[in-house]
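[1] turn this into a model:
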Amino acid sequence: MSEHYPRVRLYSSLGGERRSLYIRESVSLTFYMRRSHQDVVQQVMRCLEVYLRAVGPQVLGWYVDPYSGDWEELDDKGWAFLRREMLEEPATYFWLREFAGATTGYEVLYHGRLLEKNVTSALSFILPTEYLEAHGPGHLRELALELAAQLPFCSGHGGLCFNYPESVVGTTDAIRDMSFRHPGLDIPGVHFDSFSIGTRVNGVHWLNFLGPPVLGELGGAAGLRARLRSPGTTVQELGGERAVVTLGTWPEAGDTEQGRTLPEYRELAHVLEPWLYMDRGNWGGFSDEDMRRWERRFLD
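    Here you go, the predicted model:
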């Protein structure tokens, strides 16, 4: 177990004695853009190039066919198909992974939407914590900033998460207790969140990217900085009336059983409370009360 987060390794049975890793701790870099797919497609493709330069061009080996739902090999033919879909379709999505049948921590998810009420295009890059440990938090933060610089985001975040296949029903049953013990481990839901988040902010994380309109309503970077007192918190102005709030040197999971309640995360949550996204539907294993408690874990 790292001093900053627990090791999460949960396996599923594939029949017989074969087991597949399906839930683990990872790092997510996720951005929400209140734009239609075709308005951001070029920026999204540049971000994918940035990610591949960081992790290596051969790391992503499989993708989900958006029509059949089947896993297909991400070879030259697969890349050509994805590029054509991205450039030609008014709305599309992709899910790229290192392996089709195992959660290794290397994934990219994109939902390119048509602009409707509260519907938001979303882009998420996943990295294993081994990448964080090998390169350090400073490198990861710089990678997040390089991605953010490409995108017209309204909000975004970077930090620890439970990495699991979002589309598999019932997966979250296994992480309920851990999610309350370790409040800094996010439970991603990019697919469903992108339908309703609009310009709101999806919780509090190690890195918190804020853009219009929320940052303006907070009084800009200077106004936000004046409200934050935690010594490890920094507010950095970015271009285009955007900023990033960093909570400490490392992303932290916290541990309520050990009294590590992440006070700097709680401070930012109280500042952002009027703009926080609190409309998630229930996950497997979570009651209505559980969901509200989890969403308010840094507020109550």
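
[2] stretch 210-229: which residues count as buried?
    The neighbour-count criterion (16 or more other Cβ atoms under 10 Å) identifies 210-212, 214-215, 218, 221, 224-225 as the buried residues of stretch 210-229. From N, CA and C alone the C-beta is placed, and that goes for glycine too.

[3] go on, stretch 70-82?
    Of the residues in stretch 70-82, 71, 74, 78, 81-82 count as buried by neighbour count, 16+ other Cβ under 10 Å.

[4] would you list these in a markdown table and tack on distance to residue 278 and secondary structure?
    Formatted as a markdown table, the entries for the buried residues of stretch 70-82 read as follows, by distance: Cβ to Cβ, whole Å; DSSP: H, G, I helix; E, B strand; the rest coil:
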| residue | distance to residue 278 | secondary structure |
| --- | --- | --- |
| 71 | 34 | strand |
| 74 | 36 | coil |
| 78 | 38 | helix |
| 81 | 38 | helix |
| 82 | 34 | helix |
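
[5] just to revisit the earlier point, tell me the two of the buried residues of stretch 210-229 that are most distant?
    212 and 225 (17.5 Å; Cβ to Cβ).

[6] could you pull out the helices in the stretch 1-150 of the chain for me?
    When assigned using DSSP state H, counting those that start in this stretch, the helices of the stretch 1-150 of the chain occupy the ranges 37-55, 76-88, 129-135, 137-150.

[7] turn those into a markdown table, including distance to residue 290 and mean pLDDT.
    Listed next are those as a markdown table, based on distance: least, Cβ to Cβ, whole Å; pLDDT from 0 to 100:
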| stretch | distance to residue 290 | mean pLDDT |
| --- | --- | --- |
| helix 37-55 | 33 | 98 |
| helix 76-88 | 37 | 97 |
| helix 129-135 | 25 | 98 |
| helix 137-150 | 30 | 98 |
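
[8] make JSON lines from those helices and add distance to residue 286 to it.
    Below are the helices of the stretch 1-150 of the chain laid out as JSON lines (distance: least, Cβ to Cβ, whole Å):
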{"stretch": "helix 37-55", "distance to residue 286": "30"}
{"stretch": "helix 76-88", "distance to residue 286": "33"}
{"stretch": "helix 129-135", "distance to residue 286": "24"}
{"stretch": "helix 137-150", "distance to residue 286": "28"}
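
[9] out of the ones you listed, nearest to residue 294?
    With Cβ to Cβ as the criterion, residue 294 lies closest to helix 129-135 of those, at 21.3 Å.

[10] elements contacting that closest one?
    On a contact count with 3 or more Cβ pairs under 8 Å, 6 or more residues apart in numbering; DSSP states H and E, helix 129-135 meets strand 19-33, strand 102-112.

[11] centre of the chain to that helix, how far?
    Computed by Cα atoms, centre = their mean, to the nearest Å, the separation of helix 129-135 from the middle of its chain amounts to 17 Å.

[12] may I have that helix as PDB, with CA atoms only?
    The C-alpha trace of helix 129-135 is given here as PDB (Å, rounded to 0.1, in the frame of the first residue of the first chain):
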ATOM      1  CA  THR A 129      -0.700   4.400 -10.500                       C
ATOM      2  CA  GLU A 130       2.500   2.600 -11.500                       C
ATOM      3  CA  TYR A 131       2.900   5.400 -14.100                       C
ATOM      4  CA  LEU A 132       2.500   8.000 -11.400                       C
ATOM      5  CA  GLU A 133       5.100   6.300  -9.200                       C
ATOM      6  CA  ALA A 134       7.600   5.900 -12.000                       C
ATOM      7  CA  HIS A 135       7.400   9.500 -13.300                       C
END
